[in-house]
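Asks: Quick one: sequence and predicted model below, then my questions.
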Amino acid sequence: MKLLQGFLKLFNKNKTEGKKSKQKDAKPPERELQRKTKEKNLSSNKPTIKSNGLIRKKEEKVYIQVGLDFGTSSTKIVFSQIGKRYAKALFLGHKLPTFPEYCLPSIAAINGHGKLLLGIDAARYLIKKQWDSGFQRIKVIVAGKYDDTFKDRVTENNFYSYRDKNKLNESFTPERLTAVFLAYAMHTARSIIQEMPEYKNINLNMSFNICMPIDHYQNNPLRDVFINIFSWAEAIEHKWCSDGSSFDVLKASYETEKMEKLVPDGQKVHAVPESVAGIASYLVSLRKREGLHAIIDLGAGTSDISICNIHINSDETKPYWYSAKNIPRGTINIERIIADYLSECSQCTCQTVSDFIYHLREKDLANLSSSDRNLKGLIYNELRSITESDDYIKTWGSAYRKLKKQTKWMEVEVFLSGGGALLPYVHEVFSVPWWNQLRTTYHTSILPTPDNYDPGEGNAPFDRMAVAYGLSIPIPQLADYVLPADCSDHTPPPLRVRDLYHEDIYAK
């Protein structure tokens, strides 16, 4: 037995030494590679997925915040990557002569085969049609259904007559079309961002912020309507991502309309007050100052007017919104005037309304023809009609009631934005105070461009993208704010006056 035990001990020793010798003879690079692979697998927190005998890393997840400035005539898109300091305007590259390449047309149309066309495809189809044909200004139509102050009879009648002409039934409502268009806008943004070189083969987690005027946001019927439309659009876009190229967006709008749980992985679409997003760039700029400010966003169908008082202390910058109103007056009438002028003018070199506005703005007044001078007079009168409207004056008056001290209203910084900010006379018209007892002139300017704004390939001007930029900021990072319905009276208490007795007045 002792002899057998000694023999086994010697055998095991030789076997162990042989294994060590083999490992010693292995090439150093292979041993080092084995060691590093083992350490990496042990130390890495990222799970691995085994597929077809191969081991690969799980895709990196990147969080993207997309801002959709859903406008009456066009939608602007800016996105940012969470954790990186930039916000980039989306370049659409559609090469449409009637829209800049950073604008997604907020329109729809029905082609000769009865197919619904959205955005870029609709604009291409309508390019040789009548100027206001197709489904246009759908946001205004929805607002007008639930609030008479936003009702535009001409636009509403155009919607229903175009629907009936193309034999669509009554279930094709403005709300349905708005949800379908927003789903299209979100999917367009997602598709373009995913194809960018820096985001290929990366798992993108996207959230969307969509603007809503403050008075819509605090108007329960309108807010509920648009919140439901946003959720509906999210459900349609979620289905779009699942179904792929064979997707029928209109059919999907019926399939998702009555679903109780629209999106299984949590809500990714949120509403943000428009002016809160619009002033975000100013609140982080070196130009910011305390005091009264107004933001006037001149859109095609509506003008959004918001007035706030910015308080700045060592800890925070906080705007208190005194009043806000989405006025159903915009540059659409000016565009109609210019469109009629271009159709009758045989000598005009400009082919589009936007080109002509820029051309007219740059002209030397001394060299204008009589017809151009008449046109500028019409534009001036249209802009004055906004500032002289009851809605405009009442919005300022409502703000004044939150701070009833006339001297405070002698200095107000007015910021202009939107497509109408390029029109002639805008600074002259909107620098005039709403109250004739204020003998002053307000300073008007374009919102300052932040350092981290990237205009993209389309070189998108910031005054058109200011709201979309603010929407590209995640909601928790937006500055704290107080909306008009929650804002208290900031009028300072009157100075104390001492009541004197006659013994104090007359010498004894």
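Replies: Now that the structure is in, tell me what you want to look at.
Asks: Nearest residue to the middle of this protein?
Replies: D69 (2.6 Å; Cα atoms, centre = their mean).
Asks: Would you verify that it is located in a strand?
Replies: Yes: with DSSP: H, G, I helix; E, B strand; the rest coil as the criterion, D69 is assigned to a strand.
Asks: Which strand residues bridge it?
Replies: K76 (DSSP bridges).
Asks: what sits against it?
Replies: T75, K76, I77, V78, C211, A277, M465, V467, A468, L471 (Cβ atoms under 8 Å, 6 or more residues apart in numbering). Where you see a C-beta, it was placed from the backbone N, CA and C, and this is true even at glycine.
Asks: Looking at the residues you listed, state which has the most neighbours.
Replies: Of all the contacts of D69, the highest neighbour tally under other Cβ atoms under 10 Å goes to L471, namely 34 neighbours.
Asks: nearest residue to it other than its sequence neighbours?
Replies: Among residues not flanking L471 along the chain, G67 sits closest, at 2.7 Å (Cβ to Cβ, 6 or more residues apart in numbering).
Asks: who are the neighbours in contact with that neighbour?
Replies: By Cβ under 8 Å, 6+ apart, G67 lies in contact with 77-79, 87, 208-209, 211, 277, 467-473.
Asks: rerun that using 6 Å as the cut-off
Replies: V78, N209, A468, L471, S472 (Cβ atoms under 6 Å, 6 or more residues apart in numbering).
Asks: Of these, which belong to strands?
Replies: Counting by DSSP state E, the contacts of G67 place V78, N209 in strands.
Asks: for the contacts of G67, which one is nearest R329?
Replies: R329 lies nearest to A468 out of those, by Cβ to Cβ, at 22.5 Å.
Asks: pLDDT wise, what is the closest one at?
Replies: As predicted, A468 sits at a pLDDT of 95.
Asks: Settle this for me: it is touching S74, isn't it.
Replies: No: applying Cβ atoms under 6 Å as the test, A468 and S74 come out as separate, 10.9 Å apart.
Asks: and F150, what does it touch?
Replies: F150 sits next to A143, G144, P328 when contact means Cβ under 6 Å, 6+ apart.
Asks: Going by distance to Q194, which of the contacts of D69 wins?
Replies: Checking these against Q194 with Cβ to Cβ, the nearest one is I77 at 13.8 Å.
Asks: any idea what sits nearest the closest one, other than its immediate chain neighbours?
Replies: Nearest non-adjacent residue to I77 (Cβ to Cβ, 6+ apart): L90, at 4.0 Å.
Asks: just L298 next, same as before
Replies: Of all residues not flanking L298 in the chain, G420 sits nearest, at 2.7 Å (Cβ to Cβ, 6+ apart).
Asks: gap between the one you found and G71?
Replies: Per Cβ to Cβ, to the nearest Å, G420 is found 11 Å from G71.
Asks: higher neighbour count, the two?
Replies: The residue with more neighbours, out of G420 and G71, is G71; 26 against 23, by other Cβ under 10 Å.
Asks: where's the nearest residue to I473 once chain neighbours are set aside relative to S80, distance?
Replies: Closest residue in space to I473, ignoring its immediate chain neighbours: A280 at 5.8 Å, by Cβ to Cβ, 6+ apart. In this structure, A280 and S80 are 12 Å apart, going by Cβ to Cβ.
Asks: same thing with F247?
Replies: For F247, the distance to S80 (Cβ to Cβ) stands at 27 Å.
Asks: Quick check: buried residues in stretch 388-406?
Replies: Y392, T395, W396, A399, Y400, K402, L403 (16 or more other Cβ atoms under 10 Å).
Asks: Kindly apply the preceding question to stretch 420-430 instead.
Replies: By 16+ other Cβ under 10 Å, the buried positions in stretch 420-430 come out as G420, A421, L422, L423, P424, Y425, V426, H427, V429, F430.
Asks: Need the residues you listed in a markdown table (columns: distance to P174 and secondary structure).
Replies: Below are the buried residues of stretch 420-430 laid out as a markdown table (distance: Cβ to Cβ, whole Å; DSSP: H, G, I helix; E, B strand; the rest coil):
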| residue | distance to P174 | secondary structure |
| --- | --- | --- |
| G420 | 24 | helix |
| A421 | 28 | helix |
| L422 | 29 | helix |
| L423 | 28 | coil |
| P424 | 33 | coil |
| Y425 | 33 | coil |
| V426 | 30 | helix |
| H427 | 35 | helix |
| V429 | 32 | helix |
| F430 | 31 | helix |
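Asks: Neighbour count: F247 and S80, which is higher?
Replies: More crowded of F247 and S80, by other Cβ under 10 Å: S80, with 24 against 16.
Asks: Verify the stated contact: the more buried one with Q65.
Replies: Yes: under the criterion of Cβ under 6 Å, S80 makes contact with Q65 at 5.2 Å.
Asks: Overlap in contacts, these two.
Replies: Residues touching both S80 and Q65 (Cβ under 6 Å, 6+ apart): S472.
Asks: Next step: the contacts of F150 restricted to helices.
Replies: Among the contacts of F150, the ones falling in helices (DSSP state H) are A143, G144.
Asks: Highest neighbour count among the contacts of F150?
Replies: Compared across the contacts of F150, A143 has the highest neighbour count, 27 neighbours, by other Cβ under 10 Å.
Asks: Could you list the low-pLDDT ranges of the stretch 51-200 of the chain?
Replies: For the stretch 51-200 of the chain, applying pLDDT under 70 flags the ranges 51-59.
Asks: Distance of E195 relative to L68?
Replies: According to Cβ to Cβ, E195 stands 18 Å off from L68.
Asks: so H113 sits in a helix?
Replies: No: assigned with three-state DSSP, H113 falls outside any helix and is coil.
Asks: Check the contacts of G67 against Y162 and report the nearest one.
Replies: Nearest to Y162 among the contacts of G67, counting by Cβ to Cβ, is A468 at 28.3 Å.
Asks: wait, what's in contact with that closest one?
Replies: By Cβ under 6 Å, 6+ apart, A468 lies in contact with G67, D69, K76, I77, V78.
Asks: Check Y442 too.
Replies: Contacts here follow Cβ under 6 Å, 6+ apart; on that basis Y442 touches V412, V414, S431.
Asks: Which strand residues bridge the nearest residue to the first one once chain neighbours are set aside?
Replies: Translated: V412. Take V412 and drop its neighbours on the chain: the residue closest to it by Cβ to Cβ, 6+ apart is L292, 4.6 Å away. Per DSSP bridges, the residues bridged to L292 are N309.
Asks: From A235, how far off is L292?
Replies: In this view, L292 and A235 are 42 Å apart by Cβ to Cβ.
Asks: Same question for G377.
Replies: G377 is 49 Å from A235, where distance means Cβ to Cβ.
Asks: For the two, work out which one has more neighbours and name it.
Replies: More crowded of G377 and A235, by other Cβ under 10 Å: A235, with 22 against 11.
Asks: The more buried one touches Y254, doesn't it?
Replies: No: in this structure A235 lies outside contact range of Y254 using Cβ under 6 Å: 11.5 Å.
Asks: which stretches of the stretch 251-400 of the chain form strands?
Replies: Assigned by DSSP state E, counting those that start in this stretch, the strands in the stretch 251-400 of the chain fall at 269-273, 291-298, 303-312, 317-327.
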